[in-house]
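Participant: Show me how the following folds:
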Amino acid sequence: MKVVVHVSVDATNDVAHVPADAPPEEAGPRAGLAGDLSREERHRLTAELLERAARARDEQERRALRDRVVVLNMEVARSIASRYRGRGISDDDLEQVAFVGLVKAVRRFQVEFDGDLLSYAVPTIRGEIRRHFRDRGWAVRPPRRIQELQGRIWEARDELVQSLGRSPRPSEVAEFVGENLSDVVEALAAKECFAPASLDRPVAPGASTCLADLQGGEDSQAGPAEARLMLAPAVRRLRERDRRILYLRFFKGCTQEEIAREIGVTQMQVSRILSRIFSELRGQLTDEREAPTRGSRDDAARHHGEIRSLDRRRGTRRVARGRR
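Facilitator: Predicted coordinates:
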């Protein structure tokens, strides 16, 4: 039975595969045996396969040899991907992205110029993972500077954990990367932009209440409360009888006929009084909105009138002197 190990590359669906029934002298290490090889053996076999691929004249043979190099070094890609775990992207996705970087590195590698494959592949794999974080890992995209700083911070945290033997403090991370503490704290807080907390998550271990249960809904009383707040000053300026009519109509729920009997007028008069009250209230609310503009106009008109009155008084005095 033929076993095929696929490594996704991109939207073109290119794959790297190793037939399990290939001849022993040509197949090189199997995918299942690659993890059992020592670093020196993997390095030697990788160099041999790459040299054979460089000398191969047939494109299909060259591709088959490069595919074997990919399978041989998949553990290296997995190791690099494991350093980026716990940052909001699933482990499977990280490994697939690392495999993409490995395939690209093998296909672009040139034996005569690049020397050791890993010296070229490791930066390529890291760059592929970082691009994936940058382009597809954000549920809420923060500013570009925060994205770049966060990548540097995670690398610095890994190094500081090894050197300090504990999780570093934000101040230590800021000193290590040479950035302001406030920027580092902001970048650390942006971690939640990768994987926002689910609304179905319990608020505490074993709790039956989830985050969605704590989210507030639309308050049906917000509109009426705002209306009462705006109307209160205008209603207080109404006459006593008008305020009583409003109370009977909207608080007691009386009909116009009942209000008419209560205050001693006809129903038609109650209807007209209510129309007048509504008009006055609308006018007062409109006046309050336009108060600053209207006030400035009134002040200007009052000042202009005072000047004209003063000029008239002066003119009258001149005429009186002339007659004398």
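
Participant: what's the following helix or strand after the helix or strand that contains D67?
Facilitator: Using DSSP states H and E, D67 maps to helix 59-72. Toward the C-terminus, helix 59-72 is succeeded by helix 74-82 as the next helix or strand (DSSP H and E).

Participant: Residues contacting the very next helix or strand once past that next one from elsewhere in the structure, which ones?
Facilitator: Moving toward the C-terminus from helix 74-82, the next helix or strand (DSSP H and E) is helix 91-108. Contacts with helix 91-108, where a contact means CB atoms under 8 Å, 6 or more residues apart in numbering, come from 7-10, 14, 16, 50, 66, 69-70, 73-74, 76-78, 80-82, 84-85, 117, 120-121, 124-129, 132. In short, each C-beta sits where N, CA and C put it, glycine included.

Participant: Show the buried residues in those residues.
Facilitator: Neighbour counting with 16 or more other CB atoms under 10 Å marks 7, 9, 16, 50, 66, 69-70, 73-74, 76-78, 80-81, 84, 117, 120-121, 124-126, 128-129, 132 as buried within these.

Participant: other SSEs contacting the helix holding D67?
Facilitator: helix 31-34, helix 39-55, helix 91-108 (3 or more CB pairs under 8 Å, 6 or more residues apart in numbering; DSSP states H and E).

Participant: What residues of that helix count as buried?
Facilitator: By 16+ other CB under 10 Å, the buried positions in helix 59-72 come out as R62, R63, A64, L65, R66, D67, R68, V69, V70, V71, L72.

Participant: do stretch 181-193 as well
Facilitator: V184, E186, A187, L188, A190, C193.

Participant: Among these, which ones are in helices?
Facilitator: V184, E186, A187, L188 (DSSP state H).

Participant: TSV please, covering those residues and showing pLDDT and distance to P233.
Facilitator: Shown next, in TSV, are these (pLDDT from 0 to 100; distance: CB to CB, whole Å):
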residue	pLDDT	distance to P233
V184	88	50
E186	85	44
A187	84	49
L188	82	49
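
Participant: which one of those is nearest S275?
Facilitator: E186 (58.3 Å; CB to CB).

Participant: That closest one against R145, yeah?
Facilitator: No: checked against CB atoms under 8 Å, the pair E186 and R145 is beyond contact range at 9.5 Å.

Participant: domain ranges for this protein?
Facilitator: Per automatic domain parsing, the structural domains of the chain span 1-137, 140-197, 227-323.

Participant: ok, so what distance separates V265 from S275?
Facilitator: For V265, the distance to S275 equals 14 Å [CB to CB, to the nearest Å].

Participant: Neighbour count: the two, which is higher?
Facilitator: Comparing V265 with S275 by neighbour count (other CB atoms under 10 Å), the higher total belongs to V265, at 15 against 10.

Participant: Report the distance from the helix or strand harbouring V173 to the chain centre.
Facilitator: In the assignment (DSSP H and E), V173 maps to helix 170-177. Helix 170-177 sits 25 Å away from the centroid of its parent chain (CA atoms, centre = their mean, to the nearest Å).

Participant: Give the helix, strand or coil label for the residue nearest to the spatial centre of the chain.
Facilitator: Centroid-nearest residue in the chain, with CA atoms, centre = their mean: V140, separated by 2.4 Å. The three-state label given to V140 by DSSP: H, G, I helix; E, B strand; the rest coil is coil.

Participant: okay, the domains of the chain, which one's buried deepest?
Facilitator: Ranked by mean neighbour count under mean count of other CB atoms under 10 Å, those are led by domain 1-137, which reaches a mean of 16.

Participant: now it: how far from the chain's centre is it?
Facilitator: The chain centre lies 34 Å from the centre of domain 1-137; the measure is CA atoms, centre = their mean.

Participant: So which residues of the stretch 201-324 of the chain form helices?
Facilitator: Ranges of helices in the stretch 201-324 of the chain, per DSSP state H, counting those that start in this stretch, are 222-236, 240-246, 256-263, 267-289, 291-323.

Participant: Lowest average pLDDT across those?
Facilitator: Among these, helix 291-323 carries the lowest mean pLDDT, a mean of 48.

Participant: hmm, back to that, a markdown table please, covering the domains of the chain and showing distance to L214.
Facilitator: Shown next, in a markdown table, are those (distance: least, CB to CB, whole Å):
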| stretch | distance to L214 |
| --- | --- |
| domain 1-137 | 23 |
| domain 140-197 | 12 |
| domain 227-323 | 28 |
